[in-house]
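>>> I'd like to go over a predicted model; first the sequence, then the structure.
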Amino acid sequence: MVFKYNYDEMLDKAYKELPEVSKEEVRFEIPKVKGSIQGNRTIITNLQQIANDLRRDINHVFKFLLRELATTGDIKSGGTIFVGRFNSSFLNEKIEKYVKEFVMCDQCGKPDTELMKERGLTFKRCAACGAKSSVRTLK
């Protein structure tokens, strides 16, 4: 059998026919806080949706925010209430900090992690690379 092209030419042709892959494409985007300030209280209306997007329990995210904001609060059906006036950019920074500490894998940087408890310690285990790292326990 006689081939029209040699191996290097076929390889070059194959590479030219591959579709362009954008490195800008991000498959995980940190959700933004939606809410309002009413008097001396900040109400986040989408904390449940944020927790769902991060695949975390809302109570865990809520406890983290309470500690970071050094305040008290409550989870109600209409939203999450925090005592104090916090603007959305400040709250979004806290959500980003939560994602870095409790969601993103320390080894591969992917968000495919789950929190698990072993012998009183909390670990973040990555489903993508199998890495396991300890995280602080929120009480």
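Thanks, I have the structure now. Predicted model, so just to flag it, every value in this text is computed and none were measured.

>>> Need phi/psi at the most centrally placed residue in the chain.
Nearest to the geometric centre of the chain sits Val99, at 4.2 Å (C-alpha atoms, centre = their mean). Here the main-chain torsion angles of Val99 (degrees, to the nearest 10) amount to phi -60, psi -40.

>>> residues contacting it?
Residues near Val99 by C-beta atoms under 8 Å, 6 or more residues apart in numbering: 30, 54, 111. Any C-beta I mention is one placed from the backbone N, CA and C, and that applies to glycine too.

>>> again, only this time at 7 Å
Val99 is in contact with 30, 54, counting by C-beta atoms under 7 Å, 6 or more residues apart in numbering.

>>> Look up how far Phe28 lies from it.
As judged by C-beta to C-beta, to the nearest Å, Val99 and Phe28 stand 9 Å apart.

>>> what's the answer for Lys100, then?
Lys100 is 12 Å from Phe28, by C-beta to C-beta.

>>> ditto for Gly73
Distance, Gly73 to Phe28, by C-beta to C-beta: 27 Å.

>>> Looking at the two, which is more packed in?
Between Gly73 and Phe28, counted using other C-beta atoms under 10 Å, the more crowded position is Gly73 (20 against 13).

>>> Do a quick rundown of the helices in this structure.
7-17, 47-54, 58-69, 88-102 (DSSP state H).

>>> Against which helices or strands is the second one packed?
Think helix 47-54. With contacts taken as 3 or more C-beta pairs under 7 Å, 6 or more residues apart in numbering; DSSP states H and E, helix 47-54 sits against helix 58-69.

>>> which residues touch Leu65?
Lys94.

>>> how about 10 Å then?
Neighbour list for Leu65: 33, 44, 47, 71, 73, 80, 82, 86, 91, 94-95, 97-98 [criterion: C-beta atoms under 10 Å, 6 or more residues apart in numbering].
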